[in-house]
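*Asks:* dropping a prediction and its sequence here:
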Amino acid sequence: MEHATYLIIAYMAIWGGLAGYLLWLSNCQRRTARQLELLCAQLEQQEDLS
């Protein structure tokens with residue numbers, strides 16, 4: 001029965017790590033999208049001035 005406990009802990013660690021990675025990746029994607037929106041707005045503003 002002791003081996004089953006280690007297996008459960010290992011699965012929990014793997015799923016926890018995967019969830020953490022997906023949250024981190026989502027945060028990076030949101031930040032990149034915001035930066036792209038700002039860059040597009042700056043580009044449109046420069047085009048309007050020309």
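*Replies:* All right, it came through fine. Numbers count the residues shown, from 1 in each chain.

*Asks:* point to the residue nearest the middle of the protein.
*Replies:* Leu25 (1.8 Å; Cα atoms, centre = their mean).

*Asks:* poorly predicted segments of this protein, please.
*Replies:* Low-confidence segments of the chain (pLDDT under 70): 1.

*Asks:* helices along that one, start to end?
*Replies:* Taking DSSP state H as the test, the helices found in the chain are 2-49.

*Asks:* what's the neighbour count on Leu38?
*Replies:* Neighbour count of Leu38, defined by other Cβ atoms under 10 Å: 10. Bear in mind the C-beta positions are built from the backbone N, C-alpha and C, glycine included.

*Asks:* same question for the one 3 residues further on.
*Replies:* By other Cβ under 10 Å, 10 other residues sit near Ala41.

*Asks:* please report how far it lies from Glu47.
*Replies:* 11 Å (Cβ to Cβ, to the nearest Å).

*Asks:* cool, Leu7 as well?
*Replies:* 59 Å.

*Asks:* Gly17 too?
*Replies:* Going from Gly17 to Glu47 by Cβ to Cβ gives 45 Å.

*Asks:* now Thr32
*Replies:* Distance from Thr32 to Glu47, by Cβ to Cβ: 22 Å.

*Asks:* cool, and Leu23?
*Replies:* Leu23 sits at a distance of 37 Å from Glu47 (criterion: Cβ to Cβ).

*Asks:* now swap in Asn27 and tell me
*Replies:* From Asn27 to Glu47 the distance is 31 Å (Cβ to Cβ).

*Asks:* what does Ile14 give?
*Replies:* From Ile14 to Glu47 the distance is 49 Å (Cβ to Cβ).

*Asks:* Tyr6 now?
*Replies:* Computed as Cβ to Cβ, the Tyr6 to Glu47 distance reads 61 Å.

*Asks:* could you do Thr5 as well?
*Replies:* 63 Å.

*Asks:* next: Leu25.
*Replies:* 33 Å.

*Asks:* Glu37 too?
*Replies:* Glu37 sits 16 Å away from Glu47, going by Cβ to Cβ.
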